[in-house]
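A.B. asks: Attaching a predicted model along with its sequence, questions to come.
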Amino acid sequence: MIVDAHHHLWDPAARDHSWLDAPELAPLRRAFTADDLHPPARAAGIDATVLVQTVTEPGETTELLAIAATDPLVAGVVGWTDLTDPGITDTLAALASSPGGDRLVGIRHQIQLEPDPAWILRPEALRGLAAVAETGLVYDLVITPDQLPAATEAAARLPQLTFVLDHLGKPPIAHGRAEPWAGGLRALAARPNTACKLSGLVTEADWAHWTLADLRPYVEIALDAFGPRRTVFGSDWPVCLLAADYADVVSSARELTSGLDDEERAAVFGTTATRVYGLRPPD
């Protein structure tokens, strides 16, 4: 399978998406449905996708799983639940038994919005992460560079849990800097229970003027740190539309990985995501 391991669907009219209130995000302030995604994804040769949460509301995860139950493209869902809830084990079990629950492959929380850079190391958060591991799910990390050290410590404390770093940890591409992001990324990659996503990079660059040359150093650092067998491709659609259309995101990722051999490229574009998330082809 060729896998897009990171995209979203939403409808601001049906659920509050206050994060879209920023003026620069106005182009995203509309519904994006599976019907919108299918044509560009199929045209790009995508066989399966991982649908990822956008808001910290439990109802959204149930809705995403219901989509996955009937959508011919969605092979997995990374949802949200409150890590700090003492009843998280029961909540995860309820999600797994809901319509589409067999497509639940991971959990994530918008750690990037937490003011405490060590939020993930709070005892209640670590307890929740342990429950995620016990349920056989993956944990997606949506964090900023200053939160990489705490994420690395969490990965060290929970070797039984696989952590997947979304958007390479949001490197400062628009500013042309590598450190301290690169050092933090390499430290996380040194933990064998981690992987990373080549996703969300065009929106970390200058939206109007980015080039492949802007992205290449960060992709090379990530591939060197994690290796292709712990790296997955994700479009971050429709957020990517702020800077590039779906076809451009896919073609850019293919060009940026053109130096890999066939097996390594197959890993980035499919086999790593299939293994890490335990994906099976959509019905």
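C.D. replies: Okay, I see it. All values reported here derive from a predicted model rather than from experimental measurement.

A.B. asks: Not counting sequence-adjacent ones, nearest residue to Leu65?
C.D. replies: Spatial nearest neighbour of Leu65, excluding adjacent residues (CB to CB, 6 or more residues apart in numbering): Gly100 at 3.5 Å. (Glycine included, C-beta is placed from N, CA and C.)

A.B. asks: What of Glu153?
C.D. replies: That would be Leu121: by CB to CB, 6+ apart, it lies 5.9 Å from Glu153.

A.B. asks: Would you agree that neighbour is in contact with Thr152?
C.D. replies: No. Using CB atoms under 8 Å, Leu121 is not in contact with Thr152, being 10.3 Å away.

A.B. asks: So the two - more neighbours on which side?
C.D. replies: Using other CB atoms under 10 Å as the criterion, Leu121 and Thr152 rank with Thr152 on top: 21 against 16.

A.B. asks: helix or strand for that one, which one?
C.D. replies: helix 148-157 (DSSP states H and E).

A.B. asks: Paired strands for the following helix or strand past that helix, with orientation please.
C.D. replies: Note on helix 148-157: by DSSP H and E, the next helix or strand toward the C-terminus is strand 163-165. The pairing partners recorded for strand 163-165 under DSSP bridges are strand 138-141 (parallel), strand 194-198 (parallel).

A.B. asks: do you know which of those lies nearest Ile2?
C.D. replies: With distances scored as CB to CB, the stretch of these nearest to Ile2 is strand 194-198 (13.7 Å).

A.B. asks: Please state the offset of that closest one from the chain centre?
C.D. replies: The chain centre lies 8 Å from the centre of strand 194-198; the measure is CA atoms, centre = their mean, to the nearest Å.

A.B. asks: Repeat that for stretch 234-251.
C.D. replies: 14 Å.

A.B. asks: which of the residues in it are buried?
C.D. replies: 234-244, 246, 249-250 (16 or more other CB atoms under 10 Å).

A.B. asks: Check the separation of the first and last residues in that stretch.
C.D. replies: Distance across stretch 234-251, first residue to last, is 12 Å (CA to CA, to the nearest Å).

A.B. asks: Assign the nearest residue to Thr49 once chain neighbours are set aside to helix, strand or coil.
C.D. replies: Leaving aside its sequence neighbours, Thr49 sits nearest to Asp4 (CB to CB, 6+ apart; 4.5 Å). Here Asp4 is recorded as strand under DSSP: H, G, I helix; E, B strand; the rest coil.

A.B. asks: Just give me the neighbour total for Asp4.
C.D. replies: Quick note: Asp4 (other CB under 10 Å) scores 32 neighbours.

A.B. asks: give the contact list for it.
C.D. replies: 41, 46, 48-50, 233-235, 237, 250 (CB atoms under 8 Å, 6 or more residues apart in numbering).

A.B. asks: Among those, which lie within strands?
C.D. replies: 48-50, 233 (DSSP state E).
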